[in-house]
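A.B. asks: Predicted model and sequence below, questions to follow.
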Amino acid sequence: MTLDGYCDHTLIDADEELHDHFTSLLSQGSSILYGRITFQLMEYWRTLIENPSGEQSLDEFAAIMNQIPKVVFSRTLTDTGWDTATLAQKELEQEVRELKQQPGSPILAGSRSIIQQLLKLGLVDELQICLHPVIAGRGQPLFETAEESVTLNLLKSLPMTNGAVNLIYQPGNLP
């Protein structure tokens, strides 16, 4: 996310340290939830599985992205075309509540629309935001559909050498 609250991966410095951080995060998750648009953007990483870049941090991120089970919420897709991705069979709330009942690692959310909905439903246990030192001035705001104020309690911050800061919060006043 940029300093002015926009989600635009084209404006940030996705360097080795950032890829390593998210490789580690994904390796700890049991699954990741995507909406159709973000899922289709993530399909880029499949190309690096087939044709590695030679850059270790990118290729390792591609490998973990390929491995982690992905649940895709879409009304238009009929097939994911990816062995480790399945289309959600239930509405978001029911799917997530059932996933949370299963033992295992955290469930991750990788789409802004999914994050917004999960916050509204009170189903976010931890929120990680990587705040980049960029003022975009345009784009899609991460929290544009927030209807009520949500208090976040800072659990940890992780500064990165490129000036970005990963902020880890626990929502404090969700339903």
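C.D. replies: Here it is on my side, so go on.
A.B. asks: Just want the phi and psi numbers for Glu28.
C.D. replies: One thing to correct before we go on: residue 28 is Gln, not Glu. Its backbone dihedrals place Gln28 at phi -90, psi -10, with angles given as degrees, to the nearest 10.
A.B. asks: For it, which non-adjacent residue is spatially closest?
C.D. replies: Ser105 (5.6 Å; C-beta to C-beta, 6 or more residues apart in numbering). C-beta here means a position set from N, CA and C on the backbone, and glycine is covered the same way.
A.B. asks: That neighbour and Leu26 touch, don't they?
C.D. replies: No: because the distance of 10.2 Å does not satisfy C-beta atoms under 8 Å, Ser105 is recorded as not touching Leu26.
A.B. asks: Between the two, tell me which one has more neighbours.
C.D. replies: Neighbours were tallied for Ser105 and for Leu26 using other C-beta atoms under 10 Å; the higher tally belongs to Leu26 (17 against 12).
A.B. asks: what separates that one from Gln94, distance-wise?
C.D. replies: Here the criterion is C-beta to C-beta, to the nearest Å. By it, Leu26 lies 24 Å from Gln94.
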